[in-house]
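Asker: dropping a prediction and its sequence here:
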Amino acid sequence: MPLNIAIDGPSGAGKSTLSKKLAAKLGIVYLDTGAMYRGIAYYVLEKSVDPAEAGLVLPLLNGIDMNIGYDSSDGVQQIIINGKNVTPFIREHRISFAASTVSKIPEVRLKLVELQRMIASRCDCVLDGRDIGTYVLPFAAVKIYLDARPEVRAKRRYDELKAADRLDGMSYSDILNDVNKRDYQDMHRDFAPLKVADDAVYVDTSDMNVDEVLSKLSEIASKCR
């Protein structure tokens, strides 16, 4: 049976960075489920549709053929929609809140969960997101909930966007406000909300560096190998 490691948590807790590093350290596949939702959000916005309008989003779903690939040079996950690699565009700030919004639509989640479960059933992998341990893979061997104070997560996001020259005039306060709004939205959606799974190990990364968190995650995962 494949080893599945589910890592959940709010935006900016370090899920993607740590999940990639953990998968690389263990020599298994990393599946960025958040990027999959960002791919849907990007597609919806490109069609000039409001991601909050379920009635307009639903007709688009059947026209979305999503595939997951990996760059042969560095192993980075690529999101391919209808033959187009949209990976370079899904980290724009406008996509973040749109992804959270469109993910509230049950049909969107069902479409992607089916693909996520199929991949997880075929190989050892690390999956990160907001409902992996509670909904997508409730029987995962390892469940971890990564968290950090909102102020810390907002600062990380601000620094990331600034380094990439993608702030677009936003201040730290703007980003903190977005973080808090997204947390509320993710935690209060009707379908598969963000929450700590009963059997998950809770890890607060607020005062830890990447190496310290990776060491902690490796320790947790080693107990199930």
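Answerer: Done, it's in.
Asker: next, Gln78: secondary structure please.
Answerer: Under the three-state scheme (DSSP: H, G, I helix; E, B strand; the rest coil), Gln78 adopts strand.
Asker: any idea how far it is from Met66?
Answerer: Separation of Gln78 from Met66 (CB to CB, to the nearest Å) stands at 11 Å. Yep, even glycine has a C-beta here, placed from its N, CA and C like the rest.
Asker: helices of this protein, start to end?
Answerer: Along the chain, counting by DSSP state H, helices occupy 15-26, 33-46, 54-61, 93-102, 106-120, 150-163, 172-188, 210-222.
Asker: of the ones you listed, which stretch is the most buried?
Answerer: Highest mean neighbour count among the helices of the chain (mean count of other CB atoms under 10 Å): helix 33-46, with a mean of 24.
Asker: now for that helix, which elements pack on it?
Answerer: Identification of packing neighbours for helix 33-46 by 3 or more CB pairs under 8 Å, 6 or more residues apart in numbering; DSSP states H and E yields helix 15-26, helix 54-61, strand 66-70, strand 77-81, helix 93-102, helix 106-120, strand 125-129.
Asker: to Tyr184, which of those lies closest?
Answerer: Smallest distance to Tyr184 across the helices and strands packed on helix 33-46 (CB to CB): 9.9 Å, for helix 93-102.
Asker: what is the orientation angle of the closest one with helix 172-188?
Answerer: 20 degrees (axes from the mean of the first three to the mean of the last three CA atoms, to 10 degrees).
Asker: what is the mean pLDDT for helix 93-102?
Answerer: Per-region confidence: helix 93-102 scores 91 on mean pLDDT.
Asker: low-confidence ranges, the chain, go.
Answerer: Along the chain, the parts satisfying pLDDT under 70 run over 225.
Asker: and the residue in it sticking out farthest from the centre, its phi and psi?
Answerer: Here the chain reaches farthest from its C-alpha mean at Gly169, the gap being 24.9 Å by CA atoms, centre = their mean. Per-residue torsions, Gly169: phi 80, psi 0 (degrees, to the nearest 10).
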